[in-house]
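Asks: Just the structure for this:
(one chain, ligands or ions: 1)
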Amino acid sequence: MAVHWNKTCKMNIDLANEIKDGLSSSPKTLPSKYFYDEKGSALFSAIMQLPEYYLTNAELEIFTSKSKILIENLNLKKENYFELIELGAGDGYKTIEFLKALTQEAFNFSYSPIDISYQALKQIEQTVLKVLPDIKLQLQQGDYFKTLQELKKSSQPKIVMFLGSNLGNMQDEIAHNFLKQLSFNLSIKDKLILGIDLKKNADIITPAYNDSQGITRDFNLNLLVRINKELEANFNIEQFEHTPSYDEKEGIAISSILSKSKQSVYIKAINQTFYFDKDEKIFTEISRKYDDYILQKICKNTGFHIIHKTTDKKSYFADYILEKKE
Ligand SMILES: C[S@@+](CC[C@H](N)C(=O)[O-])C[C@H]1O[C@@H](n2cnc3c(N)ncnc32)[C@H](O)[C@@H]1O
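Replies: Residues are numbered from 1 along each chain as shown. Okay, the predicted model is just below:
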């Protein structure tokens, strides 16, 4: 077993700057990547277990029942070593099924999860080593937008995984630029396994972002708790409310936090006061739902071409394989 950690320590400076920018913009926004402190990562793991959060079970079904099909379509050769890199890996709950399938078939690879959350990586380290103690594991903490160019440092063949519809947290134009940048840092024939949530009836989508136990509410509001803790702010959490919505025409779920009253919040770390009107919203995350047409449009001129698509039985979720071709 070989485990390596690669960590970044400038997180609080980035957090302060990005929170300042987001709360100074109109409408106000907060970056969703900061959901995942210790509490946020634990809450997200709890969300993944919720009956309403169909995304996890649907993608888990793909990895438990169709890993072999995915492997065949990746066109891997057992004698050739490759790097498996996962962006925004979370707790690795679903990936472990894929790792088990690769190991059972005796493929020669290393696994490198990259995540902004230290907690998520600690969880992955534990889970993966418990099941696959001999795996070559390289953990990297950081923002995947900023680590893509590091992929170029190695000339080994690469399979990148981007699961859980993480891509859907980006506006389409940002998603397009992200894929373009990713492809630029890969070599011809490298592949991307891209897990995305498919368009479907609003009755199925809406509860996934507003569960009956209030865990998604706690997850969203925990961002304010984190800012209070790490940037010495004085958000009165009781005065804010989790307000999810779903734009059925566009196929986009929107998470936001509503200010219940006219109020101000002081953030000591940036020495600034922010003012909120009654019913003003802070936008925290979008979760885009896709179909083949939308994905093809986003992939156009990124260097990636779709070569395979696998869905769960209900066709709620899809894992696509994209190949770098040019
Ligand atoms: C919605 S969870 C999905 C986790 C996992 N991919 C899955 O399918 O279960 C998003 C994960 O991506 C990480 N993340 C979000 N934005 C990130 C960024 N810009 N750079 C690195 N990690 C990020 C979060 O810390 C979290 O663990």
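Asks: Alongside the ligand, which residues does the protein contribute?
Replies: Contact residues (Cβ under 6 Å from any ligand atom) of the chain with the ligand: 33, 36, 44, 88-90, 93-94, 115-117, 120, 143-145, 163-164, 166. Yep, even glycine has a C-beta here, placed from its N, CA and C like the rest.
Asks: Could you turn the buried ones of these into a PyMOL selection?
Replies: A single PyMOL command selects the buried members of these (16 or more other Cβ atoms under 10 Å):
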select buried, resi 33+36+44+88+89+90+93+94+115+116+117+120+143+144+163+164+166
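Asks: Grab the nearest non-local neighbour of residue 256.
Replies: residue 281 (4.3 Å; Cβ to Cβ, 6 or more residues apart in numbering).
Asks: One more: residue 24?
Replies: On the basis of Cβ to Cβ, 6+ apart, the spatially nearest residue to residue 24 that is not a chain neighbour turns out to be residue 274, at 7.7 Å.
Asks: ok, the one you found - how many residues close by?
Replies: Around residue 274 sit 19 other residues, with neighbours defined as other Cβ atoms under 10 Å.
Asks: May I ask you to confirm that it is in contact with residue 265?
Replies: Yes - because the distance of 5.2 Å satisfies Cβ atoms under 8 Å, residue 274 is recorded as touching residue 265.
Asks: So whichever residue of the stretch 151-300 of the chain sits closest to the ligand: helix, strand or coil?
Replies: At 2.1 Å from the ligand, residue 164 is the closest residue in the stretch 151-300 of the chain, using Cβ to the nearest ligand atom. Taken by DSSP: H, G, I helix; E, B strand; the rest coil, the conformation at residue 164 corresponds to coil.
Asks: ok, now which ones touch it?
Replies: In this structure, residue 164 makes contact with 55, 56, 59, 88, 90, 94, 195, judged by Cβ atoms under 8 Å, 6 or more residues apart in numbering.
Asks: Let me see the confidence value for it.
Replies: The per-residue pLDDT reported for residue 164 equals 97.
Asks: Now it: phi and psi?
Replies: Torsion angles at residue 164 (phi, psi; degrees, to the nearest 10) stand at phi 70, psi 20.
Asks: 7 is where my numbering starts, stick with that
Replies: Will do, 7 is the new start, and the previous item becomes residue 170.
Asks: Can you list the helices and strands that the host helix or strand of residue 45 packs against?
Replies: With elements taken from DSSP states H and E, the one containing residue 45 is helix 44-54. When contacts are defined as 3 or more Cβ pairs under 8 Å, 6 or more residues apart in numbering; DSSP states H and E, helix 44-54 sits against helix 124-137, helix 221-236.
Asks: For it, buried residues please.
Replies: Counting neighbours by 16+ other Cβ under 10 Å, helix 44-54 gives 45, 46, 47, 48, 49, 50, 51, 52, 53, 54 as buried.
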